[in-house]
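Visitor: build me a structure from this.
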Amino acid sequence: LTGAKTLPVSFRLRMRSEAHWTAFAGALDAQEFMRTRKEILEINDDLSSLNRRTVQQERNSFIKRREAENKADFLKEQLLQSQKMSVLGRLCGDVAHDFNNLLAVILGNAELLSSADRDPEGLADQIVAAAQCAGKLTQQLLASSGSQDLDVQNQDLCEIISESLQLLRPLVRDRVRLHLPFQDRNHMLTVKVDSARLTQVIMNLAVNACDAMPDGGDLELDVSKAIKNGQPWAVLTMRDTGSGIHAEALPHIFDPFFTTKGPHGNGIGLSTTLKIVNQFGGDIAVESVLGQGTEFRVSLPTAISAPR
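Guide: The predicted model follows:
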């Protein structure tokens, strides 16, 4: 071989190893040798880069397909769960209405029996008390199913809390120390709510707090102002020093029929609470540390910013 021009390009492209280049270097002048070697190395680099991009594109495509499939499965599960809860909500509403009618008959006859002095042992009073408790349960079922009409009016949040204390104090008794810092500030926060339903919210949260402190503790109720999206809001904060909520359970505490109380809980208290607050245009946030306590923040739009 006397020069680089006598070597076909296809032949030169096959000369990839240093051993081949050494064997034929004497037949090529140095300049042509270096230029050809550079071209082949560039071709090899281009092929390697193309292979890497192809592998990366395939990998990204696979990841996107898997994410899309997972998202589709999640949305399908959410839709099925929503349909189940819709049916269950209508069923709860129908059962609660029928049960309420039966309770009205029981209450009416028990009150007649009690007022006629025909019950010296006070059994009728026990029937009335039991029927009233059952009535509260049906109210929870109706609220959770969205079948209950709300009497929404402008109300002072601090006044509603103060009135709720009459029901709350017998529950806390001496084992729980009640703190009410908002009473010292004496300011008004007007919210557009149904006072009876908001009282139910306060009682549900307070009962849960007391249950989390079987050996006693501190329960604090306070109110404050906040600004959300440029609008004034009122915030009711309830803080306890109880056992707290486990991190795995925290995302599910508002799910219907989810309970951390075992056989002693029915799992509709917090779901009903959230339902009521949402009906007022508000929301609930919760923070909890296991072994230290839990804080619920119920945010409500003030009467000025409340949705019509």
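Visitor: Ile43: how many residues sit nearby?
Guide: 12 (other C-beta atoms under 10 Å). Every C-beta, even on glycine, is put in place using the N, C-alpha and C of the backbone.
Visitor: and it, what's its pLDDT?
Guide: For Ile43, the model assigns a pLDDT of 77.
Visitor: wait, is it part of a helix?
Guide: Yes - counting by DSSP: H, G, I helix; E, B strand; the rest coil, Ile43 is part of a helix.
Visitor: roughly how far does it sit from Asn51?
Guide: Ile43 sits at a distance of 13 Å from Asn51 (criterion: C-beta to C-beta, to the nearest Å).
Visitor: got it, and Leu41?
Guide: 16 Å.
Visitor: repeat that for Arg185.
Guide: 71 Å.
Visitor: do Arg175 as well
Guide: 72 Å.
Visitor: then Asp255?
Guide: In terms of C-beta to C-beta, Asp255 sits 49 Å off from Asn51.
Visitor: do Leu274 as well
Guide: Counting by C-beta to C-beta, the gap from Leu274 to Asn51 is 54 Å.
Visitor: of those two, give the one with the bigger neighbour count.
Guide: For Leu274 versus Asn51, the count of surrounding residues by other C-beta under 10 Å is larger for Leu274: 21 against 10.
Visitor: list the buried ones in the helix or strand where the more buried one lies?
Guide: Element membership for Leu274 (DSSP states H and E) is helix 269-279. Across helix 269-279, burial judged by 16 or more other C-beta atoms under 10 Å covers Gly269, Leu270, Ser271, Thr272, Thr273, Leu274, Lys275, Ile276, Val277, Gln279.
Visitor: what's the model's confidence in the next helix or strand after that helix, averaged?
Guide: Once helix 269-279 ends, the next helix or strand along the chain (criterion: DSSP H and E) is strand 283-289. For strand 283-289, the mean pLDDT works out to 94.
Visitor: name the helices or strands packed onto whichever helix or strand comes after strand 283-289?
Guide: Counting by DSSP H and E, the next helix or strand C-terminal to strand 283-289 is strand 293-301. Judged by 3 or more C-beta pairs under 8 Å, 6 or more residues apart in numbering; DSSP states H and E, strand 293-301 is in contact with strand 190-193, helix 195-211, strand 217-228, strand 231-240, strand 283-289.
Visitor: convert strand 293-301 to CSV, retaining C-alpha atoms only.
Guide: Output in CSV follows, covering the C-alpha atoms of strand 293-301 (Å, rounded to 0.1, in the frame of the first residue of the first chain):
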residue,chain,number,x,y,z
GLY,A,293,-51.4,15.8,71.8
THR,A,294,-53.5,17.0,68.9
GLU,A,295,-54.5,20.4,67.6
PHE,A,296,-57.6,21.0,65.3
ARG,A,297,-58.0,24.3,63.5
VAL,A,298,-61.5,25.0,62.2
SER,A,299,-61.4,27.9,59.7
LEU,A,300,-64.6,29.7,58.8
PRO,A,301,-65.2,32.6,56.5
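Visitor: show me what it is in contact with.
Guide: 157, 191-193, 201, 205, 209, 212, 217, 226, 228, 231-242, 244-245, 277, 280-288, 306-307 (C-beta atoms under 8 Å, 6 or more residues apart in numbering).
Visitor: now which of these would you call buried?
Guide: 157, 191-193, 201, 205, 209, 212, 217, 233-242, 244-245, 277, 280-282, 284, 286, 288, 306.
Visitor: sounds good, over and out.
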